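Undergrad: below is the sequence, then the predicted model.
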Number of protein chains: 2
Amino acid sequence: MTKPDLGEDPLALDRQVCFALSVASRAVVGIYRPLLEPLGLTHPQYLVMLALWERSPRSVKDLGASLQLDSATLSPLLKRLEAYGHLTRTRSAADERVLTVELTATGRALREKALAIPYAVVERLGMELADLQDLHAALTNVIEAAAGKSA
Amino acid sequence: MTKPDLGEDPLALDRQVCFALSVASRAVVGIYRPLLEPLGLTHPQYLVMLALWERSPRSVKDLGASLQLDSATLSPLLKRLEAYGHLTRTRSAADERVLTVELTATGRALREKALAIPYAVVERLGMELADLQDLHAALTNVIEAAAGKSA
DNA sequence: TACGATTAGATCGTACACAAACTGATGGTG
DNA sequence: CACCATCAGTTTGTGTACGATCTAATCGTA
């Protein structure tokens, strides 16, 4: 296996790809920030709510698998969402190790306000839907490549 | 202007570009982590070093513009890199407000070890270079769209 | 030239993200 | 049944991010 040709300055190219990913991620989260502010949610909290709007109740482990986050990150985050009244945290009766996370009525109601967000983001970005779909496909490739290796 | 068609569930997690972006960013940074560990650098610190290997000395503001980071993030980060002996932080004589950041010999020497990283990352990802270039193009689009709007 | 506005960084408070160590609960095996 | 490995989640410590506020230096202009 020969070294792939990364050009005369491999560090410059590297700067472009890994760096573009970090910057793009922060830039897009930055677009969500003012849109999420009226809902009182941070972007990670919004992602947790999205996961719960899809399925509730579910365990912390299950949420972590969906969001690719470990429990050390989710634990305090879920406590905050509980404090806001969006969800409840209960130990499962069947298995006391498992923490069952379930939306409250307030948490479910918040979904109505959230429905406007994807449209607002797309409009704010001013990008073609096709471009966004290309990006999504490319990102899915990377995620699979990055995660698939460790398995 | 009509609402763009985002499908029947605009909140579907797996269609959210923002989610893919966050996960991909974390996944790729995770690939760098074990590669950067022997250099004693975190990924953000590595990005700062990349910027300095391209040009040094330069001001904090200049670094911030390059990396899209504000001084609240850079200040402590640069202090750590200074503590490791990779750079010096000096007030500019011409304008006392400006902090001049400059690589030390140690910091410049670290570049040799870093040269292997881009190859290792590409190999670890196992993706085609063309795919990575597509990704980079798509990311550049988003960054421009996201940042350009706020201007 | 005095002075308010601007600028470059630093500091503080809050919220992720992740490694490592820890606590209980569960399950398999002798 | 006893015991140990495993598992779910929590806690702790470190390092980003970012808004808000602060300080000191500089600039613009009346």
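TA: All right, it came through fine.
Undergrad: for the rest of this, base every contact and every neighbour count on C-alpha atoms.
TA: Fine.
Undergrad: go ahead and list the helix or strand containing the nearest residue to residue A:120 once chain neighbours are set aside.
TA: Take residue A:120 and drop its neighbours on the chain: the residue closest to it by Cα to Cα, 6 or more residues apart in numbering or on different chains is residue A:35, 7.9 Å away. Secondary structure from DSSP states H and E places residue A:35 in helix A:10-36.
Undergrad: and that helix with DNA strand C, contact?
TA: No: Helix A:10-36 does not reach DNA strand C (Cα under 7 Å from any atom of the strand); its nearest approach is 9.4 Å.
Undergrad: next secondary structure element downstream of that helix?
TA: Counting by DSSP H and E, the next helix or strand C-terminal to helix A:10-36 is helix A:43-54.
Undergrad: what about that next one, near DNA strand D?
TA: No: against DNA strand D, helix A:43-54 shows no contacts by Cα under 7 Å from any atom of the strand, the least distance being 10.5 Å.
Undergrad: and the residue nearest to residue A:120, what's its pLDDT?
TA: We have a pLDDT of 96 for residue A:35.
Undergrad: with residue A:130 instead?
TA: Reported pLDDT for residue A:130: 89.
Undergrad: distance check, it against chain B.
TA: From residue A:130 across to chain B, the span is 11 Å (Cα to the nearest Cα, to the nearest Å).
Undergrad: any idea how many residues pack against the nearest residue to residue A:19 once chain neighbours are set aside?
TA: Excluding the flanking residues, the one nearest residue A:19 by Cα to Cα, 6+ apart is residue B:47, at 7.1 Å. Using other Cα atoms under 10 Å in any protein chain shown, residue B:47 has 19 other residues around it.
Undergrad: where in chain A is pLDDT low?
TA: A:1-10, A:13-15, A:148-151 (pLDDT under 70).
Undergrad: neighbours of residue A:130, just the number please.
TA: 9.
Undergrad: you'd agree it is in a helix?
TA: Yes: under DSSP: H, G, I helix; E, B strand; the rest coil, residue A:130 sits within a helix.
Undergrad: what residues does chain A have near DNA strand D?
TA: With Cα under 7 Å from any atom of the strand as the criterion, chain A meets DNA strand D at residues A:22, A:26-27, A:30, A:59-62, A:71-76, A:97-100.
Undergrad: among those, name the ones in strands.
TA: Residues from those lying in strands, with DSSP state E as the criterion: A:59, A:99, A:100.
Undergrad: next one: the residue most central in space within chain A from DNA strand D, what distance?
TA: The residue lying closest to the centre of chain A (Cα atoms, centre = their mean) is residue A:47, at 4.4 Å. Here the criterion is Cα to the nearest atom of the strand, to the nearest Å. By it, residue A:47 lies 16 Å from DNA strand D.
Undergrad: that residue and residue B:19 touch, don't they?
TA: Yes: in this structure residue A:47 lies within contact range of residue B:19 using Cα atoms under 8 Å: 7.2 Å.
Undergrad: from residue A:67, how far out is the closest residue to residue A:63 other than its chain neighbours?
TA: Computed as Cα to Cα, 6+ apart, the closest residue to residue A:63 that is not its neighbour in sequence is residue A:51, at 7.1 Å. Remark: distance between residue A:51 and residue A:67 (Cα to Cα, to the nearest Å) = 8 Å.
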